[in-house]
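Asker: coordinates for the following, if possible.
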Amino acid sequence: MKDIQYEIVREIAVLSTSDSGYTKEINLISWNGKEPKYDIRSFSPNREKCGKGITLTETEAKSLLEALRKQLND
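Answerer: Below is the predicted model of the structure:
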């Protein structure tokens, strides 16, 4: 299986921290040297492991932000 490489280009926010020390974060991440995307996923302490997550293009992130603003303002 191919190794997956990632580089956190910009740390945006830690959304939550579990009792075990895992953090749910949103960051701008480049996967396998490709163009960075917005990424929401959990990381173990020291970022040794990462869980399943979701990656979003800038357009998708803007659509999500708009949808959340509408939902949360209601």
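Asker: for the strand ranked longest in the chain, buried residues please.
Answerer: As assigned by DSSP state E, the longest strand anywhere in the chain is strand 6-17. Within strand 6-17, the residues scored as buried using 16 or more other C-beta atoms under 10 Å are residue 6. Every residue, glycine included, has its C-beta placed from N, CA and C.
Asker: counting contacts, what elements does that strand pack onto?
Answerer: Identification of packing neighbours for strand 6-17 by 3 or more C-beta pairs under 8 Å, 6 or more residues apart in numbering; DSSP states H and E yields strand 23-31.
Asker: contacts for the strand it packs on?
Answerer: The set of residues external to strand 23-31 that reach it, using C-beta atoms under 8 Å, 6 or more residues apart in numbering, is 4-18, 36-43, 45, 55.
Asker: between strand 23-31 and the following helix or strand past that strand, find me the angle.
Answerer: Heading C-terminal from strand 23-31, the first helix or strand you meet, by DSSP states H and E, is strand 37-43. Angle of strand 37-43 versus strand 23-31, following axes from the mean of the first three to the mean of the last three C-alpha atoms, to 10 degrees, is 140 degrees.
Asker: how about residues contacting the longest strand of the chain?
Answerer: Under C-beta under 8 Å, 6+ apart, the answer for strand 6-17 is 23-32, 36, 38, 40, 50.
Asker: now do that strand: distance to the chain's middle.
Answerer: The chain centre lies 6 Å from the centre of strand 6-17; the measure is C-alpha atoms, centre = their mean, to the nearest Å.
Asker: mean confidence score for that strand?
Answerer: The pLDDT scores in strand 6-17 average 96.
Asker: over to stretch 39-47?
Answerer: Mean predicted lDDT for stretch 39-47 stands at 95.
Asker: who's in contact with that stretch?
Answerer: 15, 18, 21-29, 49-56.
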